[in-house]
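1. Here is my input, please return the structure:
(4 chains)
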2 protein chains.
Amino acid sequence: MAAQHALLECLPSGLRAEAEQHAQQVHLSAGDVVFRAGDGCRGLPMVISGSVRVQMLGASGHGIVLYRMGPDDVCTLSIGCLMAGRGYRAEAHVEEPTEALLMPRQAFDRLMAASAEFRQQVMASYGRRLDDLMLLVEEVAFGRLDQRLLEWLKAHASGQPALITHQELAVELGTAREVVSRLLKDFERHGRVRLARGRVELLQSQEVD
Amino acid sequence: MAAQHALLECLPSGLRAEAEQHAQQVHLSAGDVVFRAGDGCRGLPMVISGSVRVQMLGASGHGIVLYRMGPDDVCTLSIGCLMAGRGYRAEAHVEEPTEALLMPRQAFDRLMAASAEFRQQVMASYGRRLDDLMLLVEEVAFGRLDQRLLEWLKAHASGQPALITHQELAVELGTAREVVSRLLKDFERHGRVRLARGRVELLQSQEVD
DNA sequence: GAATCGAATGTGACTTTATCACTGAGCACG
DNA sequence: CGTGCTCAGTGATAAAGTCACATTCGATTC
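-> Next up, the predicted model:
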């Protein structure tokens, strides 16, 4: 076992060995769906490497990206499902080939009991996610879409063009495809971006604030 | 000490006595502000009775209600701040006279270490809050405002009229006062509500679905 | 290479929300 | 009884969402 999760690295070796023994290592390929809305939770996923996108579907059929999980993240969403015995409300899509550990509830509970460090990290991670969601609420409720789109592009399309469709961008922002298309067209007319099918390039002059 | 918090009731008596010894009981009056955006966190608030509204302010000056805390709730938001050492992003307003315990971080950590039951409840409560926020994201992103307003009224103004201003309703829904005014006026024209200054009465025929 | 099909994008018309700048109404207090 | 409040109503305009299509690009097949 070469790569490991930062949360386990901080454990004393005895606990760590026990944890590794109970955890199941899984490999996920790009495009895999880790869980869907309504699914039950079979353990706590801990991401070692890769990237997983968590999003939810509205009644209208539109979706919105809630957050992403990367290396050394734990799926805080799963903790809630695990503890409350509810199903997931969101769905998780693998974006890049991902290595993860699936920690059974029993083992997770033992770690929480035994290690103050582990506890602290898990709670902190929970706090960050809560924070992310609050930020998202604020953006969706009060943010202007052109600004949000521009910021997304700055974050994801600086340096090299983003390979993404308008539909996918709409899900990133929680809006409709047509709205994204029109905004991008406007940006193009103003020389802020260069567009091609499935590709959005942010022009140099726009990358600074 | 008469009233207590459900989370402490489930503890063995030794732990419970210790917890009660370290926790500080506080009384909050309607209108008090428990914390504001940017404040540091001085401990974990646990609500015994009463009601506290948690909301955040957008850059535009508009606000939106995130959730409410009632009897036997813990302020999950505080755990994140406590663990990550960040300030709060939201603000908490007392709506009804409220009794609460303020549990210092040290004491909280000892409880988390010592009681599986306590741990489980805290994590479950965290999960519910995440869920609330996800639901809110969906509503704000995809919900129609007239439906959201009507549902708010059904939840808070069935039986007796709601004593609330249009401005406050706007904050409940994360929108602008004018929008609420217009929608309510429409509802009134269609005989769904009766309006008075600072008062919205949902008419009987509307209370069923 | 041309035909064909499906996904991705473009667009017009219209509705719903948001914003701005006011006006008017109800209420408390001197 | 004014006189200031806060609360509510409204018109004009802009931004965003919805619906119904038209177009275009690329890959696959012939």
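2. Find the residue at the geometric middle of chain A.
-> Most central in chain A under C-alpha atoms, centre = their mean is residue A:68, positioned 1.2 Å from the mean C-alpha point.
3. pLDDT-wise, which helix or strand of chain A ranks last?
-> Lowest on mean pLDDT, DSSP states H and E among the helices and strands of chain A sits helix A:76-84, with a mean of 91.
4. packing partners for that one?
-> Applying 3 or more C-beta pairs under 8 Å, 6 or more residues apart in numbering or on different chains; DSSP states H and E, we find helix A:76-84 packed against strand A:44-57, helix A:105-114, helix A:116-142, helix B:116-142. In this view, the C-beta of every residue, glycine as well, is placed from N, C-alpha and C.
5. Domain map for chain A?
-> Using automatic domain parsing, the domain parsing of chain A gives A:6-141, A:143-206.
6. separation between the closest residue in space to residue A:133 that isn't next to it in sequence and residue A:67?
-> Closest residue to residue A:133 apart from its sequence neighbours, by C-beta to C-beta, 6 or more residues apart in numbering or on different chains: residue B:133 at 4.3 Å. Look at residue B:133 and residue A:67: by C-beta to C-beta, to the nearest Å, they are 11 Å apart.
7. same thing with residue A:105?
-> Here residue A:105 is placed at a distance of 23 Å from residue A:67 (C-beta to C-beta).
8. Show me which of these two is the more surrounded one.
-> The neighbour count for residue A:105 versus residue A:67, taken as other C-beta atoms under 10 Å in any protein chain shown, is higher for residue A:67 (19 against 16).
9. Tell me the predicted confidence for that one.
-> At residue A:67, the model reports a pLDDT of 97.
10. now swap in residue A:156 and tell me
-> 95.
11. What is the burial count for the residue nearest to residue A:133?
-> Counted with other C-beta under 10 Å, the neighbours of residue B:133 add up to 20.
12. How about the one 4 residues further on?
-> A total of 23 residues lie near residue B:137 under the criterion other C-beta under 10 Å.
13. Same check on residue A:37?
-> Quick note: residue A:37 (other C-beta under 10 Å) scores 12 neighbours.
14. Let's verify the closest residue to residue A:25 other than its chain neighbours: helix, strand, or coil?
-> Distances taken as C-beta to C-beta, 6+ apart place residue A:101 nearest to residue A:25, at 5.7 Å, with adjacent residues excluded. Recorded secondary structure, residue A:101: strand (DSSP: H, G, I helix; E, B strand; the rest coil).
15. nearest residue to residue A:136 other than its sequence neighbours?
-> Excluding the flanking residues, the one nearest residue A:136 by C-beta to C-beta, 6+ apart is residue B:137, at 5.8 Å.
16. which residues does the nearest residue to residue A:32 once chain neighbours are set aside contact?
-> Excluding the flanking residues, the one nearest residue A:32 by C-beta to C-beta, 6+ apart is residue A:94, at 4.3 Å. Residue A:94 makes contact with A:28, A:29, A:30, A:31, A:32, A:33, A:34, A:50, A:51, A:52, A:53, according to C-beta atoms under 8 Å, 6 or more residues apart in numbering or on different chains.
17. Please list all residues in contact with the third one.
-> Put plainly, it is residue A:30. Counted by C-beta under 8 Å, 6+ apart, residue A:30 has contacts A:94, A:95, A:96, A:97.
18. what's the spacing between it and chain B?
-> Counting by C-beta to the nearest C-beta, to the nearest Å, the gap from residue A:30 to chain B is 24 Å.
19. On the three-state scheme, that residue is what?
-> What three-state DSSP gives for residue A:30 is coil.
20. circling back: hang on, the residue nearest to residue A:32 in a strand?
-> Yes. Assessed with three-state DSSP, residue A:94 lies in a strand.
21. so it bridges to which residues?
-> Beta-bridge pairing for residue A:94 (DSSP bridges): residue A:52.
22. Residue A:64 too?
-> Going by DSSP bridges, residue A:64 forms beta bridges with residue A:56.
23. so what's it up against?
-> If you count contacts by C-beta under 8 Å, 6+ apart, residue A:64 has them with A:55, A:56, A:58, A:140, A:171, A:172, A:173, A:174, B:137, B:138, B:141, B:142.
24. Against which helices or strands is the helix or strand containing residue A:18 packed?
-> Element membership for residue A:18 (DSSP states H and E) is helix A:13-22. Packing contacts for helix A:13-22, counted by 3+ C-beta pairs under 8 Å, 6+ apart, involve helix A:6-9, helix A:105-114.
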